[in-house]
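>>> 3D model of this:
(one chain, ligands or ions: 1)
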Amino acid sequence: MNRSAPSRPEDSALPYYEALPYYEQVSPGTGGVAPRSWYAASDAASLSLDGRWRFRLSATADAHDDSFALPGYDASGWPELTVPGHWVLQGEGAYGAPAYTNTGYPFPVDPPRVPTENPTGDHLRVFGLPDDWPASGASVLRFEGVESCARVWLNGEELGEFKGSRLPHEFAVEGLLRPAGNVLAVRVHQWSSGSYLEDQDQWWLPGVFRAVTLRHRPDGPAYDFFVHTAYDHRTGLGTLRVEAGAGGRVTVPELGVDVPAGEAVTVPVEPWTAETPRLYAGELATPGGETVPFRAGFRTVAVEDGVLKVNGRRILFRGVNRHEFHPERGRAVDEATMRHDVLLMKRHNINAVRTSHYPPHPAFLDLCDELGLWVIDECDLETHGFTHDGWRGNPVDDERWTPALLDRAARMVERDKNHASVVMWSLGNECGTGAGLSAMARWIRDRDPSRPLHYEGDPSCADTDVYSRMYADHAEVERIGRHEDDDGPATRRQLPFILCEYGHAMGNGPGGLSEYQRLFETYERLQGGFVWEWIDHGIRDARYGYAYGGDFGEELHDGNFVCDGLLFPDRTPSPGLAEYKKVVEPVLIEGDGPAGTVRVTNRHDFADLGHLSFSWSFEADGEPVESGRLAVPPLAPGRSADVKLPAPPDAPRGAETGWTVRAVLAEDTAWADRGHLVAWGQLPVSGRQSVVSASGAAPVRGADVITLGPAVFDARTGDLRAVGPVPVAGLRLDIWRAPTDNDNGADWQAGRRFGPQWRAAGLHRMRHRRDQVALESDALTVRTRVAPAAGQFGLGAEYRWTADDAGRLTLTVSVTPEGDWRVPLPRLGVRLGLPSGATHARWFGGGPGEAYPDTRAASLLGRWEASVDNLQTPYVRPQENGARADVRRVEIGGLRVDGEPEFWFTARRWTTERLDAAGHRTDLVAGDTLWVNLDHALHGIGSQSCGPGPLPRHVLDVAPATFAFTFSAVE
Ligand code: GAL
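Below is the predicted model:
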């Protein structure tokens with residue numbers, strides 16, 4: 001706990017690298033004490049220094065001397081800001097702005113040098129000690145996170161400086177504290193050599209963004225402690241050994257444990273797993289009189305026979321990558337928000353988190369221990385920007401940086417080693433390869449051999465215990481599942497496989513999750529994955545709604561690539577999260593509807609089904625007819641049972657019928673209430689009867705109009721004008737959609753990027769040539785050709801209208817491709833305009849949320865109702881959204897539409913063209929028409945904003961098609 005001398009930046013006798021100012025030196029810092037575990041709950045005195053601090057921003061690192069750190073300095077004229085916080089998110093623009101880049105460094109790459117323009121925030125806080133602050137013993141000043149480099153003074157004495165933004169740093173301050181008027185001065189530089197190691201894909205957000213605390217350290221050696229636990233699944237015995245300074249005592253009352261620190265004890269226990277997060281409360285009593293509570297979770301993590309196992313069983317990651325983000329506070333995330341994240345994950349069947357790409361706030365890991373999530377804890381390390389120059393100069397392959405890398409590894413492992421939830425350490429993200437990574441791996445293995453190592457960026461897997469990839473497509477993942485990945489060393493083929501990133505949740509999507517899940521369930525080696533990513537990093541902004549890259553005038557930025565989460569920035573779940581919940585549900589419910597049997601499979605890795613209760617409901621045309629409880633045995637993990645459903649209740653003749661079987665929580669849990677829906681399945685019984693086309697009525701030509709049954713058409717153009725009392729505008733074939741981020745694809749993507757191809761082909765500017773308006777005895781037929789300027793291809797589109805005398809009107813659309821089509825279609829259907837007064841839609845079909853061909857697992861057949869506003873999915877960058885799948889019929893704006901076959905339905909208060917042109921939510925302004933799309937088919941979504949595009953079966957190839965809609969006016 002002794003302070004070492006701070007660096008002397010002005011000493012020019014040192015070699016070039018060391019003569020640089022401290023913030024440019026590659027060294028991780030000076031003056032601090034050795035890293036140790038986080039234990040917030042010790043009974044030693046502690047003083048939070050969070051709150052309002054005096055603040056001064058300078059444009060450069062050397063604009064001011066150190067005098068502000070001296071006691072007596074008058075900072076009364078400085079404004080205040082909140083710690084924890086980022087200065088760029090405070091001061092209403094007065095303190096600069098956030099900047100977003102994905103991989104490119106926002107400064108010239110010349111490591112370890114940083115620009116002269118180096119925003120520097122001087123933070124000052126004056127504090128007194130509480131009256132009961134112990135007179136003896138040491139104290140440390142602890143910083144949980146400061147981006148990117150801080151120099152610290154207490155009462156005018158320099159304590160040292162550090163780098164490693166999302167890692168803790170402590171300084172011993174004995175002899176410096178006074179009862180009152182302590183002056184804590186912290187100078188924070190936005191850019192430092194550490195910035196080269198922190199090129200994660202996120203906003204650059206400088207500041208003291210995590211807590212600052214003063215902690216008393218009672219006398220005695222228990223400066224750090226290491227809770228070692230293991231579980232032997234063969235014997236049911238758990239082993240506990242708490243390593244701490246000599247003389248400590250360890251008690252776990254519930255287990256009758258009372259042993260000296262350092263002594264191993266083996267007792268019968270219930271193991272810890274993410275599904276059954278059993279923790280035992282213990283205490284470490286130090287000779288100095290400190291009591292440190294801890295929670296022991298007993299589990300053993302091992303790679304055995306090429307499989308990652310916990311407590312002897314293969315586990316399957318149903319994971320997400322979580323960055324720390326709050327739309328107003330950036331990475332200064334409060335505990336309520338962290339808890340909210342964990343609860344949302346648990347409620348959506350997520351069982352694992354990769355802390356991309358740095359150790360999270362330590363309280364987050366406490367929540368993972370308590371509520372049950374597997375965690376891959378990743379070090380605060382990414383040097384991705386070096387890839388643009390073939391990894392030249394990569395710090396992880398330059399021994400001068402190795403001390404900084406080892407420092408980061410140690411700060412992560414020491415801080416987080418006592419968490420049961422942490423089952424793997426990850427060296428970092430996207431750093432290429434290098435000896436520095438191997439040095440980190442060696443250090444970690446030596447310090448904590450109990451956890452396997454993860455790193456994705458080295459295809460040789462030299463330093464890792466799992467083979468990890470990101471965004472590999474389904475076919476490749478399947479080859480890996482079969483151990484056919486012969487593009488790497490043979491040793492790699494023996495490793496378990498995970499997708500540390502997949503399912504790029506940018507905008508609408510991700511598509512293709514179900515197909516990945518089937519692979520994970522089929523091949524033992526494929527142990528699941530982590531969707532990229534948890535939350536959109538949109539920053540709340542009056543002008544844009546949510547801002548993304550470029551909105552703050554950055555000269556270099558990566559646009560809305562920072563908005564790629566399963567949650568919107570305000571933490572509202574997006575349809576992608578609903579889809580993921582369904583895809584990874586831990587109970588499979590399938591069966592034979594007509595035979596009345598349901599097959600239930602327990603897909604948990606550890607829990608039996610005793611915590612769930614099952615029910616059935618029988619529906620006719622989407623309306624529940626009867627429901628009841630279903631007795632399902634408490635199946636062990638991996639087991640299935642066929643369960644008999646009751647005799648089907650009576651249903652109206654000709655109705656479409658089926659069973660819905662649901663599994664809900666039988667009792668309240670720590671993460672959701674009893675009744676919370678965990679899994680469901682639908683078993684059709686009798687199918688849908690086809691919609692009979694309206695026929696029999698004869699068209700009548702008037703002066704300007706043609707009437708046919710309930711419909712009125714323009715006599716010259718053949719355009720539909722009204723159905724009964726409902727005015728209809730602009731009904732015509734529609735193939736365009738506002739490209740999604742996944743349609744557009746990433747610009748480095750080699751595959752087919754449909755959005756740009758569609759636009760190049762002119763699909764957003766199709767022209768409709770009217771060839772014929774023909775009256776037949778029982779039909780009005782309008783023939784058109786739909787094609788873009790400059791193209792020698794198009795679609796023949798025939799609209800054939802028939803009606804009956806009972807108020808029904810049928811439109812049969814026949815589409816015939818012409819010419820040489822080289823692109824698939826975004827959509828195929830019709831769109832029409834209704835008066836804007838329509839506020840609600842009711843439909844019988846898939847719901848309640850959005851669905852597309854490869855994002856439809858969560859779409860439940862039933863009767864649904866939604867306001868037009870709620871039919872919109874508010875992607876941060878507006879794009880195609882809101883389709884409902886398998887729609888049999890919809891009522892909207894006084895019109896009922898029955899489809900033959902089923903169709904996709906979308907309604908919005910702006911045109912697709914306006915949606916396409918919008919950059920932010922605030923660009924979408926309701927017009928005076930409600931635009932409705934009735935689609936026969938939609939192109940899939942895929943994941944090409946970073947991963948593979950839609951699977952071939954979800955590509956909407958151009959082909960002849962016929963489909964029909966029957967319209968009638970309703971009350
Ligand atoms: C990965 C990277 C992530 C993120 C993602 C795309 O390559 O590890 O940090 O950039 O791509 O959103």
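>>> Name the SS class of the closest residue to the ligand within the stretch 701-850 of the chain, please.
Nearest to the ligand, among the residues of the stretch 701-850 of the chain, is residue 746, at 8.1 Å (Cβ to the nearest ligand atom). C-beta here means a position set from N, CA and C on the backbone, and glycine is covered the same way. The three-state label given to residue 746 by DSSP: H, G, I helix; E, B strand; the rest coil is coil.
>>> From residue 575, how far out is it?
The span separating residue 746 from residue 575 equals 21 Å under the rule Cβ to Cβ, to the nearest Å.
>>> who has more neighbours, the two?
residue 575 (25 against 20; other Cβ atoms under 10 Å).
>>> give me phi/psi at the closest residue to that one other than its chain neighbours?
Closest residue to residue 575 apart from its sequence neighbours, by Cβ to Cβ, 6 or more residues apart in numbering: residue 850 at 4.2 Å. The phi/psi pair for residue 850 (degrees, to the nearest 10) reads phi -60, psi 150.
>>> can you pull the pLDDT of residue 850?
Residue 850 is assigned 98 on the pLDDT scale.
>>> Next one: it from residue 711, what distance?
As judged by Cβ to Cβ, residue 850 and residue 711 stand 31 Å apart.
>>> Look at the two and report which has more neighbours.
residue 711 (29 against 26).
>>> List the beta-bridge partners for the nearest residue in space to that one that is not next to it in sequence.
The spatial neighbour of residue 711 that comes closest, neighbours along the chain excluded (Cβ to Cβ, 6+ apart), is residue 809 at 4.7 Å. Beta bridges link residue 809 to residue 803, residue 967 when assigned by DSSP bridges.
>>> Surely residue 809 and residue 898 touch.
No. If you go by Cβ atoms under 8 Å, residue 809 and residue 898 don't touch, sitting 10.8 Å apart.
>>> tell me, what's touching those two both at once?
Between them, residue 809 and residue 898 share these contacting residues under Cβ atoms under 8 Å, 6 or more residues apart in numbering: residue 966.
>>> separation between the residue lying closest to residue 264 once chain neighbours are set aside and residue 311?
Distances taken as Cβ to Cβ, 6+ apart put residue 241 closest to residue 264, at 4.1 Å, once the chain neighbours are dropped. Residue 241 is 18 Å from residue 311, where distance means Cβ to Cβ.
>>> higher neighbour count, the two?
residue 311 (22 against 17).
>>> and the stretch 301-450 of the chain, which of its residues are near the ligand?
356-357, 429-430 (Cβ under 6 Å from any ligand atom).
>>> Go again with 5 Å.
Counting by Cβ under 5 Å from any ligand atom, the stretch 301-450 of the chain comes close to the ligand at residue 429.
>>> which stretches of the stretch 301-450 of the chain form helices?
Using DSSP state H, counting those that start in this stretch, the helices found in the stretch 301-450 of the chain span residues 335-347, 362-371, 402-416, 435-447.
>>> what does the chain give?
Assigned by DSSP state H, the chain shows helices spanning 16-19, 335-347, 362-371, 402-416, 435-447, 474-481, 513-522, 575-583, 741-744, 754-761, 912-917.
>>> what's the most buried one of those?
A comparison of the helices of the chain by mean neighbour count, using mean count of other Cβ atoms under 10 Å, puts helix 741-744 on top with a mean of 28.
>>> which helices and strands does that helix pack with?
With contacts taken as 3 or more Cβ pairs under 8 Å, 6 or more residues apart in numbering; DSSP states H and E, helix 741-744 sits against helix 754-761.
>>> now what about the helix it packs on, what contacts it?
So helix 754-761 is contacted by 736, 739-740, 743-745, 764, 788, 791, 822-824, 826, 939, 944, 949 (Cβ under 8 Å, 6+ apart).
>>> Report the distance from it to the chain centre.
How far helix 754-761 lies from its chain's middle: 28 Å, per Cα atoms, centre = their mean, to the nearest Å.
>>> Stretch 383-396 now?
27 Å.
>>> same thing with stretch 831-843?
Going by Cα atoms, centre = their mean, where stretch 831-843 is centred and where its chain is centred differ by 33 Å.
>>> Just the terminal-to-terminal distance for that stretch.
Terminal residues of stretch 831-843 lie 17 Å apart, using Cα to Cα, to the nearest Å.
>>> So which residues make contact with that stretch?
Contacts for stretch 831-843 (Cβ under 8 Å, 6+ apart): 720, 726-732, 734, 863-868, 871, 884, 887-895, 905, 907, 909, 912, 926-934.
>>> Any of these buried? List them.
Listed as buried from the contacts of stretch 831-843 are 720, 726-728, 731-732, 734, 864, 866, 868, 871, 884, 887-895, 905, 907, 909, 912, 929-934; burial here means 16 or more other Cβ atoms under 10 Å.
>>> Out of the residues you listed, name the ones that lie in strands.
Residues of the buried ones among the contacts of stretch 831-843 located in strands (DSSP state E): 720, 726-727, 731-732, 734, 864, 866, 884, 887-892, 895, 905, 907, 929-934.
>>> restrict the residues you listed to contacts with the ligand.
Okay, of those, nothing touches the ligand (Cβ under 5 Å from any ligand atom).
>>> Contact residues of the stretch 501-650 of the chain facing the ligand?
Residues of the stretch 501-650 of the chain lying near the ligand (Cβ under 5 Å from any ligand atom): residue 564.
>>> Over to the stretch 751-900 of the chain?
Counting by Cβ under 5 Å from any ligand atom, no residue of the stretch 751-900 of the chain is near the ligand.
>>> Check the stretch 101-250 of the chain too.
Within reach of the ligand by Cβ under 5 Å from any ligand atom, the stretch 101-250 of the chain has these residues: residue 201.
>>> contacting residues for the closest residue to the ligand within the stretch 101-250 of the chain?
Among all residues of the stretch 101-250 of the chain, residue 201 sits closest to the ligand, at 3.1 Å; criterion: Cβ to the nearest ligand atom. Listed by Cβ under 8 Å, 6+ apart, the contact partners of residue 201 are 101-103, 357, 384, 558, 561-562.
>>> Residue 771: neighbour count?
When neighbours are counted by other Cβ under 10 Å, residue 771 comes out with 12.
>>> if I read this right, residue 236 contacts residue 269, doesn't it?
Yes. Counting by Cβ under 8 Å, residue 236 touches residue 269, with 7.5 Å between them.
>>> neighbour count winner among these two?
Taking other Cβ under 10 Å, residue 236 and residue 269 do not tie; residue 269 has more neighbours (23 against 13).
>>> and the nearest residue to the more buried one once chain neighbours are set aside, what does it touch?
What sits nearest to residue 269 in space, not counting adjacent residues and going by Cβ to Cβ, 6+ apart, is residue 238, at 3.4 Å. Taking Cβ under 8 Å, 6+ apart, we find residue 238 in contact with 229-232, 266-269, 271, 296, 298.
>>> Max pairwise distance over the residues you listed: which two?
Using Cβ to Cβ, the contacts of residue 238 span at most 15.0 Å, a distance reached by 232 and 296.
>>> pLDDT score assigned to the spatially most distant residue from the centre of the chain?
For the chain, the largest distance from the centre (Cα atoms, centre = their mean) belongs to residue 703, which lies 59.5 Å off. If you check residue 703, the pLDDT there is 93.
>>> Identify the residues contacting it.
For residue 703, the contacting residues are residue 715, by Cβ under 8 Å, 6+ apart.
>>> Pop the domain breakdown of the chain in here.
The chain resolves into domains spanning 15-217, 226-300, 303-582, 585-686, 706-969 when parsed by automatic domain parsing.
>>> what mean pLDDT does the longest one have?
In this model, domain 303-582 carries a mean pLDDT of 98.
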